[in-house]
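Chemist: have a look at this prediction, sequence included:
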Amino acid sequence: MCGIIGHWNVGKVKEPHWVAAMNRLEHRGPDESGEFAAGGVRLGIRRLSIIDLTEGVQPVRNESGEVVAVMNGEIYNHVELAEGLRARGHSLRSRTDAEVLPHLYEEHGDAFVEHLRGMFAIALWDGRKQRLVLARDRFGKKPLYFRQPNAGSLAFASELKALKALLPNAKWSVREQGVYDYLSLGCVPQPETIFQDVQQVPPASVLTFDGGKITMRKFQSGHNGNAHGTVRKHIRESVRLRLRSDVPVGVFLSGGVDSTIVAIEAAKEVGESLRTFTVKMDDPALDESAVAADTARALGVRHEVLPLEISPREDLLSVVRHYDQPFADSSALPSWAVARAAARHVKVVLNGDGGDELFAGYRRHLAAFQLGRVGFVPRFLWRAMAELPAGGRRSRLGFLRRFARGAGSTVGRRYLEWSNDLLLETDKQRHWRGGAMRSTEEWVEAQMDPGLSPLRQQMHLDRRINLLSDLLVKMDMATMAHSLEARSPLLDQELAAFAAGISDAELLRGGQTKSFLRNAYADELPPAVWAAPKRGFEVPVARWLAEDWRELLHDSLAPGARSEQFVSRRFLQDLLAGCLAGDRNVPMLKYTLLVLELWLREQEN
């Protein structure tokens, strides 16, 4: 894993700016740095050494030195690719996975990325054709930001903080649409960013720049449902490939189905030397450490329970500062803390990310499936059900109310009702104080894939929005902040293709989320895991807002707050007083506005 940076035709970048930009990525690659410069192009890398620990392996070049590449990520099928390249006469001087890139490019041109199985953000310079190529993996696991300071130039980096250091004289204006969408989604949806004129390369995309024109094209995603074999075969193969490493590899093990399946398959490959890690939560309702310890004991692996050491105020400020954009997923805090703890023991961890998105693991997936079966119901009936008295938001009646509110809404509003607990379009129309904005709900509807069933539509939107701009960002930023590489075996292109071919009924057989995956491993999953309800990786946000963050919250959102340029003073007053109308997740709204305010203040510094 690494951090990459570079530019072409930007003009004379002062050396202190280049050094500062490279230093901003040191946490992503503390082991060594490397660079390439020729004419107006410059590529840089900070490397976290995982495969081939010898120094000086990146940037990588073809035999003539005319094709040069840097990469953040891992190519899991690099062994097989290297064998094929050598058989075709290519000379590879190292064992690093990145070295296949310039040679594959020679063989296949821009289509070289279609042969890669892994997570990656790549920058490649073709000196013969004088063109720069940027590419990003199929799911968007690895970030890659870019900006054109002027029409004939381009700069890129793995993180916004590095891009800002590289271009300190550029204007970094907050993009109002990004704030508007953040208030509904809790993150800024990709490929746009919170800054004007700054974007990410979209997932499964290749960007080419010839010094004048940017061209963007999608490549084969592998999510077309034409893979063969059993789910266990695909997961076993995916885990096996992700265990390739020249440094120790561990597994994040919770009490959930996904991470347990990853640990089961990893233990088959590695045996008793496998290390698994879980965290001890203070709240018994959130703590899964006992179940995880029982699983590890049954697998016969080396297990360690890590204390979840969080300083609510200091870690919140660190996360806001490090994530570069407003990011309101509070589970970034425990993710940050567990990555910090695990990095003391290993350099690489496997996790269970992606299981919910590929195999229908959320209650909203069950809701979408049921909605597709009930047929036509007049909207006034859904609205009547939405007004039923409810106990807790997570009670059965509370779930029924949210189901009814979403069922009687447009697709865009339904996604927000079922997936987020933040502001809807009607809320923002009352409280927004910025300029005229495109509706977030309309943007959600524009991401739809026509012709999908209600369940597949919900799953598609979850991968396009929540997975891409929230969950993958959270994991990448938290782990790489502590020089820890996270690998997600369940987010594998072959496995995704297989999962796309599973029928809706099989995914949710018996009205149970993720039933296909549970049943596939029924003979190996411990009963306590197989039957466990879905738990998030949560922290006590409401308690911290009332105690640890109380002074910070009220001081930050006091009159004169920076966020008043976007939302009304009355809204902030009602939010602090806890007197917003309707069925609201007030703690999450407070957290969302607190993070926005802290981020806006950080920009002034």
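Modeler: Happy to help now that I have it.

Chemist: so who does the nearest residue to residue 484 once chain neighbours are set aside touch?
Modeler: Spatial nearest neighbour of residue 484, excluding adjacent residues (CB to CB, 6 or more residues apart in numbering): residue 343 at 4.3 Å. For every residue, glycine as well, the C-beta is placed using N, CA and C. Neighbouring residues of residue 343 by CB atoms under 8 Å, 6 or more residues apart in numbering: 479, 482, 483, 484.

Chemist: isn't the second one right up against residue 339?
Modeler: Yes - using CB atoms under 8 Å, residue 482 is in contact with residue 339, at 4.8 Å.

Chemist: who's more crowded, the two?
Modeler: residue 339 (21 against 16; other CB atoms under 10 Å).

Chemist: now do the contacts for the more buried one.
Modeler: Residue 339 makes contacts with 478, 479, 481, 482, 484, 486, as judged by CB under 8 Å, 6+ apart.

Chemist: what about the spatially closest residue to the last one that is not a sequence neighbour, how many residues close to it?
Modeler: Nearest non-adjacent residue to residue 486, counting by CB to CB, 6+ apart: residue 479, 4.3 Å away. Per other CB under 10 Å, the neighbour tally for residue 479 reads 26.

Chemist: which helix or strand contains residue 479?
Modeler: Remark: residue 479 resides in helix 472-480, with elements defined by DSSP states H and E.

Chemist: tell me which helix or strand of the chain sits lowest on mean pLDDT?
Modeler: Here the helix or strand of the chain ranked lowest by mean pLDDT, DSSP states H and E is helix 379-386, holding a mean of 68.

Chemist: buried residues of the helix or strand following that one, list them for me.
Modeler: Counting by DSSP H and E, the next helix or strand C-terminal to helix 379-386 is helix 396-407. Neighbour-count burial for helix 396-407 flags 399, 401, 402, 403, 404, 405, 406, 407 (criterion: 16 or more other CB atoms under 10 Å).

Chemist: possible to save these as CSV with pLDDT and distance to residue 19?
Modeler: Output for the buried residues of helix 396-407, formatted as CSV (pLDDT from 0 to 100; distance: CB to CB, whole Å):
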residue, pLDDT, distance to residue 19
399, 70, 53
401, 75, 56
402, 77, 51
403, 79, 55
404, 76, 57
405, 80, 53
406, 76, 51
407, 78, 56
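
Chemist: greatest separation within the residues you listed: which pair is it?
Modeler: 399 and 407 (12.1 Å; CB to CB).

Chemist: pLDDT value on the closest residue to residue 482 other than its chain neighbours, please?
Modeler: With sequence-adjacent residues excluded and distances taken as CB to CB, 6+ apart, residue 482 is closest to residue 343, at 4.1 Å. At residue 343, the model reports a pLDDT of 94.

Chemist: also residue 224?
Modeler: Residue 224 is assigned 55 on the pLDDT scale.

Chemist: before we move on, the earlier item: any idea how far the residue nearest to residue 482 lies from residue 230?
Modeler: Using CB to CB, to the nearest Å, one gets 35 Å for the distance from residue 343 to residue 230.

Chemist: in this protein, where is pLDDT below threshold?
Modeler: By pLDDT under 70, the low-scoring segments of the chain are 1, 56, 221-228, 375-376, 379-380, 382-398, 581-582.

Chemist: how does it divide into domains?
Modeler: What automatic domain parsing lists as the domains of the chain is 2-218, 231-305+329-358+469-530.

Chemist: looking at these, spot the one closest to residue 575.
Modeler: Taking those one by one with CB to CB, domain 2-218 is closest: 11.6 Å.

Chemist: what's the end-to-end length of that closest one?
Modeler: From its first residue to its last, domain 2-218 covers 24 Å (CA to CA, to the nearest Å).

Chemist: distance from that domain to the middle of the chain?
Modeler: Domain 2-218 sits 18 Å away from the centroid of its parent chain (CA atoms, centre = their mean, to the nearest Å).

Chemist: over to stretch 341-350?
Modeler: Worked out by CA atoms, centre = their mean, stretch 341-350 lies 19 Å from the chain centre.

Chemist: same check on stretch 459-469?
Modeler: Distance, centroid of stretch 459-469 to centroid of chain: 9 Å (CA atoms, centre = their mean).

Chemist: which residues touch that stretch?
Modeler: With CB under 8 Å, 6+ apart as the test, stretch 459-469 has contacts from 139-140, 185, 187-190, 203, 354, 356-357, 360, 362, 364-365, 368, 415, 419, 444, 447-449, 452.

Chemist: in that stretch, what's buried?
Modeler: 459, 460, 461, 462, 463, 464, 465, 466, 467, 468, 469.

Chemist: could you do stretch 320-331 as well?
Modeler: Under the neighbour-count criterion of 16+ other CB under 10 Å, stretch 320-331 has 320, 322, 323, 324, 325, 326, 327, 328, 329, 330, 331 buried.

Chemist: pretty sure the first one sits in a helix.
Modeler: Yes - per DSSP: H, G, I helix; E, B strand; the rest coil, residue 320 lies within a helix segment.

Chemist: ok, now which ones touch it?
Modeler: Contact analysis of residue 320 by CB under 8 Å, 6+ apart lists 327, 595, 598, 599, 602.

Chemist: and the first one, which of the three is it?
Modeler: This means residue 327. At residue 327 the chain is in coil, as set by three-state DSSP.

Chemist: does residue 154 touch residue 209 like I think?
Modeler: Yes - here residue 154 reaches residue 209: they are 4.9 Å apart, a contact under CB under 8 Å.

Chemist: hey, what's in contact with both of these two?
Modeler: Residues touching both residue 154 and residue 209 by CB under 8 Å, 6+ apart: 8, 132.

Chemist: which residue, other than its chain neighbours, is closest to residue 589?
Modeler: Nearest non-adjacent residue to residue 589, counting by CB to CB, 6+ apart: residue 575, 5.9 Å away.

Chemist: for stretch 466-478, measure first residue to last.
Modeler: Where stretch 466-478 starts and where it finishes are 17 Å apart, if you go by CA to CA.

Chemist: distance from the chain centre to it, please.
Modeler: Computed by CA atoms, centre = their mean, the chain-centroid distance of stretch 466-478 equals 2 Å.
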